[in-house]
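Asks: need a structure here:
(one chain, ligands or ions: 1)
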Amino acid sequence: MTDSTTFPTDFLWGGATAANQIEGAYNEGGKGLSIQDVMPQGITTPRADGPTDDNLKQVAIDFYHRYAEDIALFAEMGFKTFRFSIAWSRIFPLGDETLPNEEGLAFYDRVIDECEKHGIEPLVTISHYETPLHLADTYDGWVNRDMIGFYERYARVLFARYGARVKYWLTFNEINSVLHAPLMSGGINTPKDQLSKTDLYQAIHNELVASALATKAARELAPSAQIGCMVLAMPAYPLSPDPDDVMASMTTERTNLAFGDIHVRGEYPGYYLRSLRDQGVELVITDEDRALLKENTVDFVSFSYYMSVAETADESKRVIGKGNIMGGVRNPTLKESEWGWQIDPVGLRIVLNQFWDRWQKPLFIVENGLGAKDQLVEIDGTKTVIDDYRIDYLNDHLVQVGEAITDGVDVMGYTSWGCIDLVSASTAQLSKRYGFIYVDRNDDGSGTLDRYKKKSFHWYAEVIRSNGASLTR
Ligand code: BGP
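Replies: Predicted structure coming up:
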């Protein structure tokens, strides 16, 4: 048992989702197409030319029509917060228009109404892997500087409309993932193997400036809002104590840490500038960009954490494992999930301490969870899933969050990923389930879409009710 005072009384317990993975209704309510509508198999295959019927995201779990029922279930678990994203193409169907789509805005009014009804604090991601397709096709996504203006206009519309009701905002989901998944993360249409380093790093710069501009806009339009960056956290341990391995692990970690450094400190770190020079990359950075980055740093740092990796300077020992978008060198000491993601609860404590030591900003774990195959069973006439494996994963990670809090780390909250089953980002499967709530839909699209409470539903409700005291060590 953890000490019941470990978690602060205002700790934001909850769950996380993204529009394209739950909403469905891909062509309703005036919504335009997004890049997800041409990614029927996630990042496992090249994009399609247009929407195809095999794309589970066209219906997803039909949150667009069932949001009230779903948010009521979250409330039943005692959620203090619910993380969702706004589909950019519902608000600006093409992305480069000047006027927003009122029907899209009204949908999120209703979602926020429902959260308020249950006393749930919305946590909104402005851009979560769902760039309007037109922006990818016409501008090559974030490679083009015009994107900064389109994003700023979109963010301003959101702050003006919801700023008084939504306190917590994230500018870009896993902003560092653009290094590995340029289309999904950066709306970049040029295939990864044809994308120049200069275009890739210019896209990153453009996103960072846009993130700063969103922070600036929030200060004007939604003064009570708090703005966070969101990074994919994946510690890279040295595979051996050889100093070359330690240096290699530091270099790998810095490819991710740079994004937090820039959001928190407002400038490019020296190691990042050196890496650009070493790669022969020259960026277009204006004095105005520099000032924007410096003057509009974030209020908090949020991150996803699923796994760690190892790193080594010895090419012959670089055995690459699977993993969240980027993966890395396999750690022989860890077990892995059915999808080959290595499971490392202590890594979460390490990340929390590292980020706190480095940035001294409140930290928010906005994604963590286990993708697993579930078996729906009937017990005493009630359908459920006995998901002890998921409970164990979440319990062990939350115990480490408690340890980090005891270490003195300022942790704002924890939203487990896919609190209701949803379509996977990387593989676009529904059978890779993360939820406390089972959704009856299969990879072939069959199913009733009915919702069932898993064993973990009741377990998480008790964790929240007891503010972490019910966790088992
Ligand atoms: C993160 C994404 C999410 C989510 C999660 C799990 O990278 O932010 O959108 O899907 O990983 O990954 P997957 O769906 O591939 O299992």
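
Asks: interface residues of the stretch 1-150 of the chain facing the ligand?
Replies: A18, Y129 (CB under 6 Å from any ligand atom). Backbone N, C-alpha and C define where each C-beta goes, glycine included.

Asks: can you map out the strands along the stretch 251-400 of the chain?
Replies: If DSSP state E, counting those that start in this stretch is used as the criterion, the strands of the stretch 251-400 of the chain fall at 300-305, 309-311, 320-321, 328-329, 363-367, 377-379, 382-384.

Asks: need the longest helix for the chain.
Replies: helix 197-221 (DSSP state H).

Asks: chain center to that helix, what's the gap?
Replies: 17 Å (CA atoms, centre = their mean, to the nearest Å).

Asks: what's downstream of that helix, the next helix or strand?
Replies: strand 226-233 (DSSP states H and E).

Asks: what's the average pLDDT for the helix or strand just after that following strand?
Replies: Remark: after strand 226-233, the chain's next helix or strand is strand 236-238, criterion DSSP H and E. The average pLDDT for strand 236-238 rounds to 98.

Asks: likewise stretch 47-63?
Replies: 98.

Asks: re earlier: for the longest helix of the chain, list every residue counted as buried.
Replies: Within helix 197-221, the residues scored as buried using 16 or more other CB atoms under 10 Å are 198-218, 221.

Asks: And stretch 254-261, by the same measure?
Replies: Those would be T255, N256, L257, A258, F259, G260, D261, for stretch 254-261 by 16+ other CB under 10 Å.

Asks: Nearest residue to the fourth one in space, please, no chain neighbours.
Replies: What that stands for is A258. Y272 (4.5 Å; CB to CB, 6 or more residues apart in numbering).

Asks: if I read this right, that neighbour contacts R254, doesn't it?
Replies: Yes - contact between Y272 and R254 holds when scored by CB atoms under 8 Å: they sit 7.3 Å apart.

Asks: Neighbours of S196, how many?
Replies: Neighbourhood size, S196 [other CB atoms under 10 Å]: 12.

Asks: related to what we said a few turns ago, what about the ligand: which of the buried residues of helix 197-221 touch it?
Replies: Okay, of these, nothing touches the ligand (CB under 6 Å from any ligand atom).

Asks: Can you tell me the centre-most residue of the protein?
Replies: The centre of the chain sits closest to N173, judged by CA atoms, centre = their mean, with a distance of 4.5 Å.

Asks: what stretches of this structure score poorly on pLDDT?
Replies: 1-5 (pLDDT under 70).

Asks: How about the contacts made by R156?
Replies: If you count contacts by CB atoms under 8 Å, 6 or more residues apart in numbering, R156 has them with A217, L221.

Asks: P132 pairs with what?
Replies: Here P132 sits in beta bridges with S34, going by DSSP bridges.

Asks: which stretches of the stretch 1-150 of the chain form helices?
Replies: 19-22, 63-77, 88-91, 102-117, 133-139, 146-162 (DSSP state H, counting those that start in this stretch).

Asks: Output the strands of the stretch 251-400 of the chain in a markdown table, with mean neighbour count appended to each entry.
Replies: What follows is those, written out as a markdown table (neighbours: other CB atoms under 10 Å):
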| stretch | mean neighbour count |
| --- | --- |
| strand 300-305 | 25 |
| strand 309-311 | 25 |
| strand 320-321 | 14 |
| strand 328-329 | 23 |
| strand 363-367 | 26 |
| strand 377-379 | 10 |
| strand 382-384 | 15 |
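
Asks: for those, which one sits closest to R441?
Replies: Nearest to R441 among the strands of the stretch 251-400 of the chain is strand 382-384 (14.0 Å), distances taken as CB to CB.

Asks: how about the strands of the stretch 251-400 of the chain in a markdown table, adding distance to the ligand?
Replies: As requested, the strands of the stretch 251-400 of the chain are exported to a markdown table (distance: least, CB to the nearest ligand atom, whole Å):
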| stretch | distance to the ligand |
| --- | --- |
| strand 300-305 | 5 |
| strand 309-311 | 14 |
| strand 320-321 | 15 |
| strand 328-329 | 14 |
| strand 363-367 | 6 |
| strand 377-379 | 23 |
| strand 382-384 | 22 |
